[in-house]
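1. sequence isn't available, so here's the structure alone:
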Ligand code: UDP
């Protein structure tokens, strides 16, 4: 029997690969005629190489020959001064430069026994629509972010047509149809305030409309307002909500990870060893149900020592048990925790807390001792937290995390606000969130009567059901399979 093949071209970053790889696995499991080929673009300098390790692991456990991972040669990066103007534009330009490589790879790696029925790209790869058009097959967007974020990118051109410019942080709250509450301009993504970033996303959003379908790692019942808003937009292709997709085995990027207590000297070198991860889980095994606060800030989140001191004070004052995944900026003067944290903190909290570098996040969220998650609100982290019914405390740092935090607190009510508009700064003096603010949010989320706790738990169950036979995501995937088989 000849196979029907989808070619995937994701943005080369581990947090973009997690859900799209999972999606491909679900897809080929759904229909035995389907197979998938991933074309992995090499990240442009100065981005790290953790993608290679992730793909190596995926290749080793992919189902026979039905999912292939092919890494492409390096393409020419855009001039490095583009990075300073807009990181999203820099990456988008680089990905556009990769089009000839992608086209060549599709042609030269053609399976003898299969017919290509579509190309699936993610957020910053909309230029790949040109390749699909040239080779004569349809393209689909797989969005690793939320429906809310997608709706915001569509709204950007409307705002510019009406107001004639990008956003300012001083603009009044904005009514954006994808959200049910007015949005404070301070929570909009950084790219929305910069011309180059704004243009880049307006262009991507316009191209998303050229696709034959949009797949999103969300659940219709979870982001119901946003999903209905997309579904009722006549300018958009069909939207398929196929989440929640998460990778239960934790990935440890080789260059981001850290060692564990008592210092973070290993942080530039390697991931935690399995035994370090096991130690964390063993420690959790001894804690009461829903008593532990987990703090983790994505693959890139770092804090300067003065902020870490405030965090330590808040943890100690609130008396909460904790697992704290901590990473320091590359320019930190010391990695010795004893020199950074308040005197005696490590000693006093040695029974009630664990400080680690890279954390086995999904295992921690899955553990019954985990009661809440202080998160930077990256979409994968949100998906993982909701899947396991863990309520979130919002501390956004970069990318679209501020608008995610806003949506979680105001529209979806599964999170407590610690901050909605904090931005991690690479240079200059970052804002310091005081211990009092953090302590208040911790006490609020750890209160067993807290309504967000209940809602997060209920939403977790709803989201799990969505993937079961007859559930909304199950049906959505079925609709997508029917569409591609008919194309
Ligand atoms: N992650 C982890 N341990 C860490 C930090 C991150 O396992 O110490 C994983 C986390 O489970 C998630 C991903 O890395 O799957 C981060 O993705 P997300 O979209 O939340 O944030 P990003 O890194 O893109 O900002």
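-> Ah, there it is. Computed from a predicted structure; not experimentally measured.

2. only C-alpha atoms for contact and neighbour calcs from this point on.
-> Will do.

3. residue numbers of the stretch 351-487 of the chain in contact with the ligand?
-> 358, 359, 360, 361, 362, 378, 379, 380, 381 (Cα under 6 Å from any ligand atom).

4. just the buried ones from these, in PyMOL syntax?
-> Applied in PyMOL, the following selects the buried portion of those according to 16 or more other Cα atoms under 10 Å:
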select buried, resi 358+359+360+361+362+378+379+380+381
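
5. using JSON lines, please lay out the residues of the stretch 351-487 of the chain next to the ligand together with secondary structure and distance to residue 294.
-> Converted to JSON lines, those look like this (DSSP: H, G, I helix; E, B strand; the rest coil; distance: Cα to Cα, whole Å):
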{"residue": "358", "secondary structure": "coil", "distance to residue 294": "12"}
{"residue": "359", "secondary structure": "coil", "distance to residue 294": "10"}
{"residue": "360", "secondary structure": "coil", "distance to residue 294": "11"}
{"residue": "361", "secondary structure": "helix", "distance to residue 294": "9"}
{"residue": "362", "secondary structure": "helix", "distance to residue 294": "11"}
{"residue": "378", "secondary structure": "coil", "distance to residue 294": "15"}
{"residue": "379", "secondary structure": "helix", "distance to residue 294": "17"}
{"residue": "380", "secondary structure": "helix", "distance to residue 294": "15"}
{"residue": "381", "secondary structure": "helix", "distance to residue 294": "12"}
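
6. and the residues of the stretch 351-487 of the chain next to the ligand as TSV, adding pLDDT?
-> What follows is those, written out as TSV (pLDDT from 0 to 100):
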residue	pLDDT
358	92
359	96
360	96
361	96
362	96
378	97
379	98
380	97
381	98
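
7. quick check, nearest of the residues of the stretch 351-487 of the chain next to the ligand to residue 31?
-> Checking these against residue 31 by Cα to Cα gives residue 380 as the nearest, at 26.0 Å.

8. right, and that closest one touches residue 246 too?
-> Yes: with contact defined as Cα atoms under 8 Å, residue 380 reaches residue 246; the gap is 7.1 Å.

9. overlap of the contact sets of the two?
-> residue 19 (Cα atoms under 8 Å, 6 or more residues apart in numbering).

10. which regions of the stretch 201-350 of the chain sit below the pLDDT cut-off?
-> Residue ranges of the stretch 201-350 of the chain with pLDDT under 70: 249-273.

11. which residues of it fall in helices?
-> 224-231, 274-285, 305-318, 337-340, 345-348 (DSSP state H, counting those that start in this stretch).

12. tell me which residues are up against the second one.
-> Taking Cα under 8 Å, 6+ apart as the criterion, the residues outside helix 274-285 that touch it are 260, 292, 354, 359, 360, 363, 364, 367, 369, 370.

13. could I get the helices of the stretch 201-350 of the chain as JSON lines with mean neighbour count and distance to residue 449?
-> JSON lines is the format used below for these (neighbours: other Cα atoms under 10 Å; distance: least, Cα to Cα, whole Å):
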{"stretch": "helix 224-231", "mean neighbour count": "19", "distance to residue 449": "25"}
{"stretch": "helix 274-285", "mean neighbour count": "15", "distance to residue 449": "22"}
{"stretch": "helix 305-318", "mean neighbour count": "19", "distance to residue 449": "17"}
{"stretch": "helix 337-340", "mean neighbour count": "16", "distance to residue 449": "35"}
{"stretch": "helix 345-348", "mean neighbour count": "14", "distance to residue 449": "28"}
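
14. which one of those lies nearest to residue 11?
-> helix 224-231 (23.0 Å).

15. what does this structure have sitting close to the ligand?
-> 15, 250-251, 296, 298-300, 325, 358-362, 378-381.

16. try 8 Å this time
-> 13-16, 18, 145, 246-247, 250-252, 257, 296-301, 325-326, 357-362, 376-382, 384, 398-399, 401 (Cα under 8 Å from any ligand atom).

17. only the buried subset of the residues you listed, as a ChimeraX command please.
-> Remark: buried members of those, expressed as a ChimeraX selection using 16+ other Cα under 10 Å:
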select :13,14,15,16,18,145,246,251,252,257,296,297,298,299,301,325,326,357,358,359,360,361,362,376,377,378,379,380,381,382,384,398,399,401
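
18. from the residues of the chain next to the ligand, which land in strands?
-> Within the residues of the chain next to the ligand, residues falling in strands by DSSP state E are 296, 325.

19. list the contacts of residue 34.
-> 3, 4, 5, 6, 27, 28, 66.

20. next, count neighbours for the fourth one.
-> Translated: residue 6. Using other Cα atoms under 10 Å as the criterion, residue 6 is surrounded by 27 other residues.

21. ok, now how distant is it from the ligand?
-> Residue 6 is 24 Å from the ligand, where distance means Cα to the nearest ligand atom, to the nearest Å.

22. that's a strand at that residue, yeah?
-> Yes: checked against DSSP: H, G, I helix; E, B strand; the rest coil, residue 6 lies within a strand.

23. any idea what it is bridged to?
-> residue 36, residue 118 (DSSP bridges).

24. in this structure it contacts residue 118, no?
-> Yes: using Cα under 8 Å, residue 6 is in contact with residue 118, at 5.1 Å.

25. mind checking which of the helices of the stretch 201-350 of the chain is nearest residue 330?
-> Using Cα to Cα, the helices of the stretch 201-350 of the chain put helix 305-318 closest to residue 330, at 12.0 Å.

26. and that closest one, what does it pack against?
-> Counting by 3 or more Cα pairs under 8 Å, 6 or more residues apart in numbering; DSSP states H and E, the packing neighbours recorded for helix 305-318 are helix 337-340, helix 435-446.

27. pLDDT weak spots in the stretch 351-487 of the chain?
-> Looking at the stretch 351-487 of the chain by pLDDT under 70, you get 426-428.

28. same check, this time on the stretch 1-150 of the chain
-> 1, 48-49, 62-64.

29. ok, back up a step: now, among the contacts of helix 274-285, which is nearest to the ligand?
-> Proximity of the contacts of helix 274-285 to the ligand (Cα to the nearest ligand atom) peaks at residue 359, which lies at 3.8 Å.

30. hang on, that closest one packs against residue 299?
-> No: contact criterion Cα under 8 Å: residue 359 and residue 299 do not qualify, at 10.2 Å.

31. gap between residue 326 and residue 366?
-> From residue 326 across to residue 366, the span is 20 Å (Cα to Cα, to the nearest Å).

32. actually, residue 22.
-> 18 Å.

33. specify the local secondary structure of residue 354.
-> strand.

34. tell me the contacts of it?
-> 261, 280, 322, 323, 324.

35. who's the fourth one bridged to?
-> Residue 323 has these beta-bridge partners by DSSP bridges: residue 294, residue 354.

36. give the contact list for it.
-> 292, 293, 294, 295, 353, 354, 355, 356.

37. residue contacts, residue 477?
-> 27, 240, 241, 242.

38. check residue 449 too.
-> Residue 449 neighbours (Cα under 8 Å, 6+ apart): none.

39. cool, residue 107 as well?
-> Here residue 107 is in contact with no residue (Cα under 8 Å, 6+ apart).
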